[in-house]
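Can you look at this prediction? I've put the sequence above it.
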Amino acid sequence: MIVLISILPAQDKADPESLISKTTHAVRVDSPPVIDGRLDDSVWEMAIPVTDLIQTEPDNLAKPTELTEVRIIYDNDALYFAFRCHDSEPGKIMKRLARRDEWLEAGNDNSDWIGIGVDPQNDDITSYSFIVNAAGVKMDLFIPDDENYDMSWDAVWDAQVSSDDSGWTAEIALPFSLFQFNSQGEQIWGVELNRGIYRKQERHEWPGKPRGVKGIVSRYGILTGLENIPPPRQLEILPYILGGKQLGSVTENTGSLGLDMEYGLATNSAASIAINPDFGQVEADPSVLNLTAFETFYPEKRPFFVEGGSFFTPQFGEEIETWQKGSFMLPPIKLFHSRRIGRAPSHFTPSTGSIVSRPESTTILGAAKVLGKTTSGVTYGFIESFTDNEYGVLEKTGGGHQSREDFLLEPRTNYFIGRVESPLFNTASIIGATVTDVRRAGGENASVGAVDWRLRFFNNRFNFSGQAALSDTKGQQGGAGRIYMMYDNFKWWNADLIATLYDDGFSNNDLGFLPRSGVWAIRAGGGIRKQDPWGP
């Protein structure tokens, strides 16, 4: 009897080798469903539901305790998903309210949720993920390198949810204009489907993967059936005009006009242009009490710089944006921090007197961006931006009286960053190069160049990554370097080593982020673990 108990659970486990070859099919429809979360449109009946999700947590590769049905259809404009999340206790479904993209609050282990991962180029590297919880809170993110998440990526897509006696349902519409993909007649995409159940702390996934296995996008299943999709619009133009009147002791009229434009250069490349961009609708930064001697790191929120911005900041398999958490010596060297463009003017300071009034930001006259990928897998991109002179009011005291005059705080400046990266001997290994350049009219210039690499061997068990950078700023040269090595046995143990060095002359703060130079750090670590519990 003891032997029987120990064998039966194993018979319910999915075969790990069969997961990566799973395939599902999307069905073309003539008219789209109404996205209201109710699943009462007849077009959904045309699709065969995906029902073979498997557990990833807590009982890895086991059959889920609740049934999930997912249907996929499409038309010329969008890809549509319908989730029917059956629940034996619908009254206990957790519907956590939160702001958009608050994954730790509205998803993760704190709410019921569903998720979709889409790899339009089926390159096993890049992916777009869309999540909605049972309360309708939306989250989206970009995966640039098979492992790391870029939560700053935001897209325009629709999702609605509904609840009934059988559980809860969700409908999602993902416009094809969100994605870059080849224009051949038949499309083969990568796809992943997810569900989280709060009260059971249970996660389901299709196609699923064994616990501890590295890679996210490379473990996706295959989506077929997408045929003759019209290419996304090659040109999008968004003009704007603003006007206002300031009333007070002095009446002042204000006005501004500008233009945002995006043009598809080819199937896998696009150019964006912003002329006198307006970012007034962007969410303000939260208040931060900084009692340290170092600069506060604020993430980028302006759409022009968010879209594709993660490409210019290499990620090497560790947690990113740890500058926000007080550590700056061990994370990757951040060569590009787009918040430098349009920052509060401060390049020049007066030798006498004090600035009593200054603009909150520098005016961006224009910006251009190109992102693309060749047929051989080489990815490239550049951003160039031009900012205007900015003046403050300088107050001087002398001869028994005060005087005020305009003072140039920030000269006209040209910002440039270019990056290219290429795959090496496998899709998970890359080598890249980055150049940044800042040119100021009558001010100090700054240039930084760097190479980086990420090498993965033994089925992604071993990761060897690094960066080497040189800077020429204010007539001073300096260097910085970083290496990261990690071996993960997946099931029993792992070990890693990080070493970082910034010499005294290195500076990348004109277009990057570095609180302090002249430092070095080494960290080595390891661990022993048992992924799957012992016992029946």
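Arrived safely.

could you pull out the strands for the stretch 351-500 of the chain?
Taking DSSP state E, counting those that start in this stretch, the strands of the stretch 351-500 of the chain run over residues 354-357, 364-373, 379-387, 390-398, 401-410, 413-423, 430-440, 446-457, 462-473, 476-488, 493-502.

Go through those and name the closest to Pro32.
Closest approach to Pro32 among the strands of the stretch 351-500 of the chain is made by strand 364-373 (28.9 Å; CB to CB). All C-beta atoms are positioned from the backbone trio N, CA, C, and that covers glycine.

neighbouring strands for the closest one, and are they parallel or not?
strand 269-275 (antiparallel), strand 379-387 (antiparallel) (DSSP bridges).

in it, what counts as buried?
Ile364, Gly366, Ala367, Ala368, Lys369, Val370, Leu371, Gly372, Lys373 (16 or more other CB atoms under 10 Å).

Closest one of the residues you listed to Gly37?
Leu371 (33.9 Å).

Can you flag the weakest of the strands paired with strand 364-373 by average pLDDT?
Here the lowest mean pLDDT among these goes to strand 269-275, at a mean of 89.

Can you give the contact residues for it?
180, 258-265, 304, 307, 364-373 (CB atoms under 8 Å, 6 or more residues apart in numbering).

If we use 6 Å, what do you get?
258-265, 304, 366-370, 372 (CB atoms under 6 Å, 6 or more residues apart in numbering).

is it possible to export the buried residues of strand 364-373 to TSV including distance to Asp124 and pLDDT?
Shown next, in TSV, are the buried residues of strand 364-373 (distance: CB to CB, whole Å; pLDDT from 0 to 100):
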residue	distance to Asp124	pLDDT
Ile364	37	93
Gly366	37	94
Ala367	32	95
Ala368	31	95
Lys369	26	95
Val370	24	94
Leu371	19	91
Gly372	19	88
Lys373	14	86
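
I'd like to know which of those residues is nearest to His401.
Using CB to CB, those come closest to His401 at Ile364, 37.8 Å.

Could you measure from the closest one over to Asp278?
Using CB to CB, to the nearest Å, Ile364 is found at 10 Å from Asp278.

Trp153: which of the strands of the stretch 351-500 of the chain is closest?
strand 364-373 (12.7 Å).

Could you tell me how far Ile273 is located from Leu242?
In terms of CB to CB, Ile273 sits 19 Å off from Leu242.

neighbour-wise, which of these two wins?
Ile273 (17 against 11; other CB atoms under 10 Å).

What residues does Ala155 make contact with?
Ala155 neighbours (CB under 6 Å, 6+ apart): Asp140, Leu178.

that older thread, how about TSV for the buried residues of strand 364-373, with distance to Gly37 added?
As requested, the buried residues of strand 364-373 are arranged in TSV below (distance: CB to CB, whole Å):
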residue	distance to Gly37
Ile364	40
Gly366	42
Ala367	38
Ala368	40
Lys369	36
Val370	39
Leu371	34
Gly372	37
Lys373	35
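
Could you pull out the helices in this protein for me?
2-11, 16-19, 103-106, 303-306 (DSSP state H).
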